[in-house]
Each structure stands twice: as C-alpha cells, then as structure tokens.
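Asks: A structural model of the following input is requested.
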Amino acid sequence: MRKKYSQRHRRPAELLLVPMIDIFTVLVTFLLMTAVFSRISIVELDLPSSRGEKVTEPAFRLEVILRKDGYEVTNGKDRIAAVPKVNGAYDLQTLSQLAISLKRDHQDVNNASVLLEPDIDYDSLIHVMDAVRTTDVPVGPNAQPTKVALFEDIAVGDAP
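Replies: A predicted model of the protein is given here:
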C-alpha cells in the first residue's frame with residue numbers, strides 16, 4: 001500500500017531554466033566577441049556570352065594573357081609586351097606601368113580582358129586584375145600616391 005501511495009503523490013521533477021539561460025547568454029556573448037568579421041568586396045565581371053549576337057570590334061582592346069612562365073600584353077591582335085616572372089611571381093609593377101602608358105594612348109577605352117591558362121591560381125588572377133584596374137600614381141615629390149582608374153571593365157576568359 002505504501003508503494004501505491006508514494007507513486008501516486010510523487011511530484012514531477014522541476015526543470016530549472018534560469019541556469020540554462022545564463023549558460024546560453026555567456027555562450028552567445030563569447031561567440032560574438034570571438035567571431036571574425038571579414039570584409040568582402042565584389043567585382044563585377046563581364047563573361048563571354050554564348051549568344052550569336054553581332055559584336056563590333058573596338059579599335060583597341062587590352063588583353064593580358066597569364067601563362068605559367070609570365071604574362072603577355074596584347075591589343076587583341078598583336079603582342080605589345082611579354083614579361084617573364086620575377087623570382088617566381090608575376091611582375092605586377094611592370095604591368096601597371098604598361099597599363100598606364102596604354103591608358104594614356106587610349107583614354108576612351110575602359111575594357112580589358114584577362115585570359116588564363118588552365119593551371120593559373122586564383123590569387124594571381126586577382127592581383128593581375130587589380131593591377132590592370134587601378135594603380136597608385138605619385139602626384140608630387142612628397143605627396144601621397146593617388147589611386148588612378150585604368151581599365152575598369154574586365155572580362156575573364158581562357159587563354160588561346
């Protein structure tokens with residue numbers, strides 16, 4: 001009889017929510033304080049279309065062809081320069097100087113193409129695109145360099 005009485009009148013166990021809420025509060029605070037917030041920049045690219053539209057050829061088109069041993073700068077038909085790698089890295093300063101001189105000759109052109117061989121890494125592509133898009137130009141002898149826009153509309157494709 002005692003067993004039946006103790007089973008009937010047993011109080012259900014209480015669920016303590018306050019300590020659980022405290023633990024979650026500390027956990028969320030810790031995660032927010034240790035989170036790494038990174039800045040993401042987006043570059044809008046023009047990819048070649050597969051449509052059969054009739055496209056007019058521009059008078060000048062800058063092409064930078066990334067190869068394993070260096071890069072070539074062409075105008076779409078003729079080679080302007082071929083620059084080998086320096087110490088295993090692409091010579092971006094020479095590329096910026098070439099882009100500045102070409103922009104001086106063709107001020108109305110904003111289009112450029114970066115063409116890649118199959119085994120070129122993504123980081124090299126981004127550095128070359130940045131060197132063609134903008135560059136730092138010193139204004140005076142003691143002045144800070146100023147960013148100058150060169151060829152801002154960049155298309156990406158496969159190297160011939």
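
Asks: From the centroid of this structure, which residue is nearest?
Replies: Ile126 (5.6 Å; Cα atoms, centre = their mean).

Asks: where does it land in three-state SS?
Replies: The local conformation at Ile126, judged by DSSP: H, G, I helix; E, B strand; the rest coil, is helix.

Asks: Low-confidence ranges, this protein, go.
Replies: The chain contains residues with pLDDT under 70 at 1-9, 37-58.

Asks: Quick one: neighbours of Ala159, just the number.
Replies: 16 (other Cβ atoms under 10 Å). C-beta coordinates here come from the backbone N, C-alpha and C atoms, glycine included.

Asks: what separates Arg104 from Asn111, distance-wise?
Replies: 16 Å (Cβ to Cβ, to the nearest Å).

Asks: Over to Lys68?
Replies: 26 Å.

Asks: returning to what we had before: what about Arg104 and Asn111, which has more around it?
Replies: Asn111 (15 against 9).

Asks: Can you name the element that comes right after the longest helix belonging to the chain?
Replies: Longest helix of the chain, by residue count under DSSP state H: helix 18-34. Next along the chain after helix 18-34, taking DSSP states H and E as the criterion, comes strand 62-67.

Asks: partners of that following strand, with directions?
Replies: strand 70-74 (antiparallel), strand 111-116 (parallel) (DSSP bridges).

Asks: Just tell me which of these ends up closest to Thr34.
Replies: When the strands paired with strand 62-67 are compared by Cβ to Cβ, strand 111-116 sits nearest Thr34, at 37.6 Å.

Asks: what about that closest one, distance to the chain center?
Replies: Strand 111-116 has its C-alpha centroid displaced from the chain centroid by 15 Å (Cα atoms, centre = their mean, to the nearest Å).

Asks: Let me know the distance separating the residue nearest to the centre of the chain from Ala143.
Replies: For Ile126, the distance to Ala143 - Cβ to Cβ - is 28 Å.

Asks: count of neighbours near Val83?
Replies: There are 16 residues near Val83, going by other Cβ under 10 Å.

Asks: Grab the CA positions of the longest helix of the chain and hand them over as PDB.
Replies: C-alpha atoms of helix 18-34 as PDB (Å, rounded to 0.1, in the frame of the first residue of the first chain):
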ATOM      1  CA  VAL A  18      17.400  30.100 -15.300                       C
ATOM      2  CA  PRO A  19      20.900  28.400 -15.200                       C
ATOM      3  CA  MET A  20      20.300  27.200 -18.800                       C
ATOM      4  CA  ILE A  21      19.500  30.700 -19.900                       C
ATOM      5  CA  ASP A  22      22.600  32.000 -18.100                       C
ATOM      6  CA  ILE A  23      24.800  29.500 -19.900                       C
ATOM      7  CA  PHE A  24      23.400  30.400 -23.300                       C
ATOM      8  CA  THR A  25      23.900  34.100 -22.600                       C
ATOM      9  CA  VAL A  26      27.500  33.600 -21.800                       C
ATOM     10  CA  LEU A  27      28.000  31.300 -24.800                       C
ATOM     11  CA  VAL A  28      26.400  33.800 -27.200                       C
ATOM     12  CA  THR A  29      28.500  36.700 -25.800                       C
ATOM     13  CA  PHE A  30      31.700  34.600 -26.100                       C
ATOM     14  CA  LEU A  31      30.900  33.600 -29.700                       C
ATOM     15  CA  LEU A  32      30.100  37.200 -30.700                       C
ATOM     16  CA  MET A  33      33.300  38.500 -29.200                       C
ATOM     17  CA  THR A  34      35.500  35.900 -30.900                       C
END
